[in-house]
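**Student:** here you go, sequence then predicted model.
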Protein chains: 2
Amino acid sequence: MTPAAGPVVTIEDITAAAERIAGHVVRTPLVPYPEAEPGRPLWFKPESLQPSGAFKLRGAFNAILQRLDDARARGVVTHSSGNHARAVAWVARELDLRATIVIPDAAPAVKVEAVRALGAEVVIVAPQDRDSRAFELAAEHGYVMIPPYDDAAIVAGQGTAGLEIAADLPGLVAVLVPVSGGGLIGGIATAVKALSPGTRVIGVEPELAADATESFRTGQRVSWTPEQTYRTIADGLRTTSVGEIPWRQIRAYVDDVITVSEDEIRDGVRRLASGARLVAEPSGAVPFAAYLHRADELGVDGSVVAVVSGGNLAMDTLARIIDPAS
Amino acid sequence: MTPAAGPVVTIEDITAAAERIAGHVVRTPLVPYPEAEPGRPLWFKPESLQPSGAFKLRGAFNAILQRLDDARARGVVTHSSGNHARAVAWVARELDLRATIVIPDAAPAVKVEAVRALGAEVVIVAPQDRDSRAFELAAEHGYVMIPPYDDAAIVAGQGTAGLEIAADLPGLVAVLVPVSGGGLIGGIATAVKALSPGTRVIGVEPELAADATESFRTGQRVSWTPEQTYRTIADGLRTTSVGEIPWRQIRAYVDDVITVSEDEIRDGVRRLASGARLVAEPSGAVPFAAYLHRADELGVDGSVVAVVSGGNLAMDTLARIIDPAS
């Protein structure tokens, strides 16, 4: 892949995005974790409380509002394993647009059904065909493409969560963010480093989908295969490579990327429910899993924020995780 | 019982409480319910996100901070089926006070363990002995009594949730609040009617613990027996009668009190988890159950807030409710 050049998205892009999407998304609070360890107070940024159940609403509103006339005239299309799909479908319903969503066949049924319920047209494909099919549909019908992460407007939108974190907790030592296509961490890192340069921004991935960790360690943006990344329970983090634009932001602003195991992710989901009364999907519990189980690798002393990126999962899956005897 | 006289707690008491407890409790946001019915948009006030997992922290901080010198010198005592116990234990740990908590033997183990984990001394008694034993301990050892609901400082503290609701959602048509001892609804009704006189304040109870509904309908404060009220799954709403001070506030400011069934409560817990990604205990889902299943009785057209009073429950109980097949 191409060598990384400098960052594309600026703090000005993110503050403009924040103004654009205000009133359309929930300004989520920081929620303290009552069972935090001494010396490492922890707050959650519960993006699971967005009406679409995930942070993806920020980027989707920002990208679509910037191209609203085209989107109204021609409709929008995207590809997503779930939460971006749901976000685009939500925005389309709110703004009365036509939306077509390409979803890989391995996506959880609960996420597919939610997209259909919002009135979007769903096209199911094999995981490796998701972007190509979306681009075909865009070319064929003139739909406006709203990419899931490799897009400056999307990254700027996701970064608005970072603005809020930095504003709400001055003196913050570290922010832990899940990594999939890199839109969320790329945006948050850009915002946090601009407002609070001393704060560390650390990405967290499943061991079974650790393409970003490998990219970060080697300095080369690598891809894993869907056969590899689809092994993790964290279905929102199965993207096989970070995008080019997120990668530029990550190279410039992220301090480290580490991994957690599947059991650690399940423990994160369970303790978010029992200790913080938040429903998180496995992907959303990945940063908290690092706080709980990878303190040495994190090397953080002081106040930490763990982003809970989403809370969309089937209730039988949640039941099995929180009560393994069930 | 004595005939009701006028209200005791004023809006000034509540605004003073808000200043006193700021920084000690979470200012919870209103979280929109994405699956609300057309014409009846719904927001949750998730007091489950308080660090003790319930609204009770508001009243406990307000009452104890007002008597801090005595509390430091002599320690505090209370009686509670769970969430007030946990709140007083939390405040005692934060302020470095000695706390003794009398808990009825039917309280859920998860709540008792949480109180012990916070360092409070726990005394287990039969349900009908809870207040008398707490008063005995206060007399014997000089502990400062922090009552669970029949106390002006407690009611004023709980009312701060109402201040926040009225500030965050102007034009609100109705607030739905669970009723047990009446401290929460008494405080919220006082605040909401002062700031937004046109907003209806409606109490919701389990059918199996409907002493407040009967009291409201007859105009006489009645008691049910523990044998009756302990039938409901909503373990936070088993108090056998509203308190005298809450009753005065309820008579002055509450518009109606209605009931929901046990199945409706379970459905509320399930749909809070799946639709709003919030973990609620059964008591906390009671107002939402009324929104879902008692629209005719509520007779509300327009914006509604349902208070989610708490989220402390055992994970195996939650698993059984959200996935009945498990």
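**Tutor:** Thanks, I have the structure now. Residues are numbered from 1 along each chain as shown, chains lettered A, B, ... in the order given.
**Student:** check the secondary structure at the most centrally placed residue in chain A for me.
**Tutor:** Among the residues of chain A, A:L184 comes closest to the average C-alpha position under CA atoms, centre = their mean, at 4.8 Å. With DSSP: H, G, I helix; E, B strand; the rest coil as the basis, A:L184 sits in helix.
**Student:** and the closest residue to it other than its chain neighbours, what pLDDT?
**Tutor:** Leaving aside its chain neighbours, A:L184 sits nearest to A:Q158 (4.6 Å; criterion: CB to CB, 6 or more residues apart in numbering or on different chains). Glycine gets a C-beta too; all of them are placed from N, C-alpha and C. Predicted confidence (pLDDT) for A:Q158: 98.
**Student:** got the contact list for A:Q158?
**Tutor:** A:Q158 is in contact with A:F55, A:K56, A:R58, A:G59, A:G183, A:L184, A:G186, A:G187, A:I188, counting by CB atoms under 8 Å, 6 or more residues apart in numbering or on different chains.
**Student:** OK, contacts around the fifth one?
**Tutor:** Yep, that's A:G183 we're talking about. Applying CB under 8 Å, 6+ apart to A:G183 gives the contacts A:G59, A:P148, A:Y149, A:D150, A:D151, A:I154, A:V155, A:Q158, A:G243, A:P246.
**Student:** how about the residues of the stretch 1-150 of chain A by chain B?
**Tutor:** Selection of the stretch 1-150 of chain A residues close to chain B by CB under 8 Å from any CB of the partner chain yields A:26-29, A:31-32, A:34, A:46, A:48-49, A:51-53, A:90.
**Student:** farthest pair in the residues you listed?
**Tutor:** The most widely separated members of the residues of the stretch 1-150 of chain A next to chain B are A:P34 and A:W90, with 31.4 Å between them, by CB to CB.
**Student:** higher neighbour count, these two?
**Tutor:** A:W90 (26 against 17; other CB atoms under 10 Å in any protein chain shown).
**Student:** measure that one to B:R266 for me?
**Tutor:** Here A:W90 is placed at a distance of 28 Å from B:R266 (CB to CB, to the nearest Å).
**Student:** wait, doesn't A:K56 sit right on A:R86?
**Tutor:** Yes: judged on CB atoms under 8 Å, A:K56 makes contact with A:R86 at a distance of 7.1 Å.
**Student:** what sits in contact with each of the two?
**Tutor:** Contact criterion CB under 8 Å, 6+ apart; residues shared by A:K56 and A:R86: A:S80.
**Student:** show me where chain A has strands.
**Tutor:** For chain A, the strands defined by DSSP state E occupy A:31-32, A:42-46, A:76-79, A:99-104, A:121-125, A:144-145, A:174-178, A:200-206, A:256-260, A:304-308.
**Student:** contacts for the last one, please.
**Tutor:** What that stands for is strand A:304-308. A:30, A:33, A:40-48, A:55, A:161, A:165, A:169, A:172-178, A:184, A:188, A:272, A:278, A:280, A:284-285, A:287-288, A:290-291, A:298.
**Student:** list only buried entries from the residues you listed.
**Tutor:** By neighbour count, with 16 or more other CB atoms under 10 Å in any protein chain shown, those hold A:30, A:33, A:40, A:42-48, A:55, A:161, A:165, A:169, A:172-178, A:184, A:188, A:272, A:278, A:280, A:284-285, A:287-288, A:290-291, A:298 as buried.
**Student:** what residues does the residue found closest to A:H141 once you drop the neighbours it is linked to in the chain make contact with?
**Tutor:** What sits nearest to A:H141 in space, not counting adjacent residues and going by CB to CB, 6+ apart, is A:G75, at 7.1 Å. Neighbour list for A:G75: A:L97, A:R98, A:A99, A:T100, A:H141, A:G142, A:Y143, A:V144 [criterion: CB under 8 Å, 6+ apart].
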